[in-house]
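[1] build me a model from this:
(one chain, ligands or ions: 1)
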Amino acid sequence: MNTPPSLTEARPYMTTLATELIKSGAIRTRPWTRAFGDVPRHLFVPRWLRQDQDHRGITVWREHHGATTDEDLAAVYSDQTLVTALDPDTAEQFDDGAWTGIPVSSSTLPSLMVRMLEDLRIADGHRVLEIGTGTGYNAALLSARLGADLVHSVEIDPELVAAARRHLAAAGFAPHVLAGDGTLGHPEGGTFDRIIATCSVPSVPAAWIEQSRPGTILVTDIALGVEGGLVRLKVDDRGRAVGRFTTTAGRFMAARSDAKRYPPRHRPEPAPEAGTLPSSVAAADIRAHYPFRLLLSVSLPEAELVYHLDEAGTTALQIQDPEGSWARIPLAGDAARTVTYGGDPRLWARVDSAWQWWCAAGRPSHDAFTYTREADGRAYASHAPTGARWSLPRP
Ligand SMILES: C[S@@+](CC[C@H](N)C(=O)[O-])C[C@H]1O[C@@H](n2cnc3c(N)ncnc32)[C@H](O)[C@@H]1O
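    You can find the predicted model right below:
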């Protein structure tokens, strides 16, 4: 196949993807089955980058143009994220047609997209605001479900806005697609019944609440330093938004205030190494249990969790705070319960006590935690069965 596929050629692939999404439980209702059948994904990804690795394990993004081969078409209609843009400050040409760099836009994993759409519980007539138009594929799914006039989508990169409009027009949809910082919502758009963000935020922006009505449902990824998660919040008549972390686990690229790039991260000078401590939690525990990482992220919202490779070739998980304190634990080996730290030793003590709390509470899953944003912007996570509550930083 040398020319872009026609709808008839794409149809069997579209059907296969929809069938898989139904089987896996991602598509739960008929309207979304129909929407997936009405929107050809290949029209939204005329150019995309497939994740590959070089011999050292470095991630390389290999360019594909459209779905001109059967293999590409199968990839476009498989359940995978298709990266479409890289941060120009980090993108470096690796070889002919491949780059390294940090992704800044993509067509989201279809199973994640549809799980979020199902979580939104959209009904006919709902006005929807999407933050992060990207390729326009999700705006097309929403348009197929509701009619394009009810769909508003905001994207920070004007070039992506222009491309998304072209893709949407090719697929026969014309929702309202706007260039702007979606953390400000769509101030001229009135209020919405549903808000969905396909980029993450550290806290729910005030504008999203202002543009809600009592009963509005909002689905977004709350990204904290260690981890984050999708929340499904309902806004009440006093402007309070409350809801659980959803059973749908998924992460999104962070919302940025620049159209093209992420600002460089400013990290403090790490404190000098101060000693070792025993640990009740192993790196393997932290890596294996997403709900525990979520708990860590609300218990230590300012901290980050990173991989650390030392000169001897030992890989460790390292927690670090904005003051330069750090504590690391090797991924494996004899020292798998020994933490080396610099700065404040209480940093790891907090990780340890979070682990003990999580075990004593019966290892609750991530959807046992509630996220609340008060009308005045204060936010906290809580666990109703134990009455535990963790305050989260204000934006
Ligand atoms: C995962 S992609 C979106 C996928 C998209 N919904 C689709 O169906 O293709 C995230 C998008 O959020 C956009 N974005 C990042 N920060 C933003 C912001 N502050 N406001 C609006 N869009 C933003 C990125 O440029 C990127 O296109």
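[2] from here on, contacts and neighbour counts on C-alpha atoms
    Fine.
[3] near the ligand, which residues of the protein are found?
    Within reach of the ligand by CA under 6 Å from any ligand atom, the chain has these residues: 104-108, 131-138, 154-157, 181-183, 198-199, 252-253, 255-257.
[4] just the residues contacting the lowest-mean-pLDDT helix or strand in the chain, thanks.
    Across the helices and strands of the chain, the lowest-confidence element by mean pLDDT, DSSP states H and E is strand 92-95, at a mean of 86. Contacting residues not belonging to strand 92-95 are listed as V60, W99, T100, G101 [CA atoms under 8 Å, 6 or more residues apart in numbering].
[5] out of the residues you listed, flag the one nearest to the ligand.
    G101 (14.8 Å; CA to the nearest ligand atom).
[6] give the contact list for the closest one.
    G101 touches V60, W61, L86, D87, P88, T90, A91, E92, counting by CA under 8 Å, 6+ apart.
[7] for the residue in the stretch 251-395 of the chain that the ligand sits nearest to, grab phi and psi.
    Of all residues in the stretch 251-395 of the chain, A255 sits closest to the ligand, at 3.3 Å by CA to the nearest ligand atom. For A255, the backbone dihedrals (degrees, to the nearest 10) come out as phi -60, psi 140.
[8] that one: neighbour count?
    A total of 23 residues lie near A255 under the criterion other CA atoms under 10 Å.
[9] return the residues in contact with it.
    T183, C199, S200, V201.
[10] sec struct for the first one, please.
    Put plainly, it is T183. For T183, the secondary structure call by DSSP: H, G, I helix; E, B strand; the rest coil comes out as helix.
[11] burial measure for it, as a count.
    23.
[12] so what's A169 scoring on pLDDT?
    If you check A169, the pLDDT there is 98.
[13] repeat that for H64.
    On pLDDT, H64 comes in at 87.
[14] what does P263 give?
    P263 carries a pLDDT score of 81 in this model.
[15] that one should be in a helix, yeah?
    No - per three-state DSSP, P263 lies outside any helix segment and is coil.
[16] and for it, the neighbour number?
    Counted with other CA under 10 Å, P263 comes out at 10.
[17] likewise for A368?
    There are 16 residues near A368, going by other CA under 10 Å.
[18] that one and A381 touch, don't they?
    No - with contact defined as CA atoms under 8 Å, A368 does not reach A381; the gap is 10.4 Å.
[19] still on that earlier bit, and the residue of the stretch 251-395 of the chain closest to the ligand, how far from V83?
    Counting by CA to CA, to the nearest Å, the separation of A255 from V83 is 16 Å.
[20] bridging residues for the closest residue to D54 other than its chain neighbours?
    Among residues not flanking D54 along the chain, V60 sits closest, at 6.7 Å (CA to CA, 6 or more residues apart in numbering). Assessed by DSSP bridges, V60 has beta-bridge partners D52.
[21] V60: what's it in contact with?
    With contact taken as CA under 8 Å, 6+ apart, V60 is in contact with Q51, D52, Q53, D54, F94, A98, W99, T100, G101.
[22] and the buried ones among those residues, selectable in PyMOL?
    Command for PyMOL that selects the buried part of these, burial taken from 16 or more other CA atoms under 10 Å:
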select buried, resi 51+98+99+100+101
